[in-house]
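> I need the structure of the sequence given here:
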Amino acid sequence: MKNPFIIGDKIYLRAPEEGDEKIIAITENHPDARETLFYALPVSLDSIRDKWNKFRDDPNTIVFIICSKNPDKHVGITAFHRIDWVGRMAIFYIAIADMENRSKGFGTEATELLANYAFTTLNLNRIQLHVAVKNEKAIKVYKKAGYEIEGTLRQAMYWDGKYHDFYVMGLLKKDYNKK
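Numbering: from 1, shown residues only. The predicted model follows:
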């Protein structure tokens, strides 16, 4: 493992490092990933480096690279964005880059590791996310981690010639502690 921060069974999470922009480019540019993330514009390695520098300097963003343990390689990204340190809440983000690394439990484990980190280390009270209603696999992962559907954002994103609804899902510390 290379510089692990949080260690799980199948994966570990580490801080972004030089060269990780390639995994982000795969995630944000590949048609399979873009379909669930709703990214419409191509990104260059330079634009990714600029974005990472902003994230690194933003006290309200925490980003991790998701790495598989065997073999030891990066497989995705997860983060908390727009952390509200007074309100004790954050927006959760996760993306597994290559199709070959999906349905292996990496996303489920990363989601659970970050929930534990949020509630036991950062002392957050709430995590929320937005997910396309049609993304049934992701919704299943989030529900398994304890997230609940709290509402629907109707026609929230435009993709592939039509508007798509999104769920707002949330996980509270008190509910997480019951698990």
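
> may I see the buried residues of the top helix by length along the chain?
Ordering each helix of the chain by length in residues (DSSP state H) puts helix 45-57 first. Burial within helix 45-57, assessed by neighbour count using 16 or more other Cβ atoms under 10 Å, is assigned to 48, 52. All C-beta atoms are positioned from the backbone trio N, CA, C, and that covers glycine.

> can you tell me what sits against that helix?
Helix 45-57 is contacted from outside by 16, 20-22, 24-25, 28, 61, 63, 79, using Cβ atoms under 8 Å, 6 or more residues apart in numbering.

> mind redoing it with 7 Å?
Here helix 45-57 makes contact (Cβ atoms under 7 Å, 6 or more residues apart in numbering) with 16, 21, 24-25, 61, 63.

> tell me where the protein has helices.
Ranges of helices in the chain, per DSSP H, are 21-29, 31-37, 45-57, 106-116, 136-144, 173-176.

> need the least confident one among the ones you listed, by mean pLDDT.
Of all the helices of the chain, the minimum mean pLDDT falls on helix 31-37 (a mean of 70).

> where in this structure is pLDDT low?
For the chain, the stretches with pLDDT under 70 are 32, 34-35, 98-99, 101, 179.

> beta-bridge partners for the spatially most central residue of it, please?
Computing the C-alpha centroid of the chain and ranking residues by Cα atoms, centre = their mean puts I94 first, at 1.6 Å. I94 has these beta-bridge partners by DSSP bridges: T78.

> sorry, back to before: who wins on neighbours among the contacts of helix 45-57?
If you count neighbours using other Cβ atoms under 10 Å, the busiest of the contacts of helix 45-57 is I24, which has 24 neighbours.
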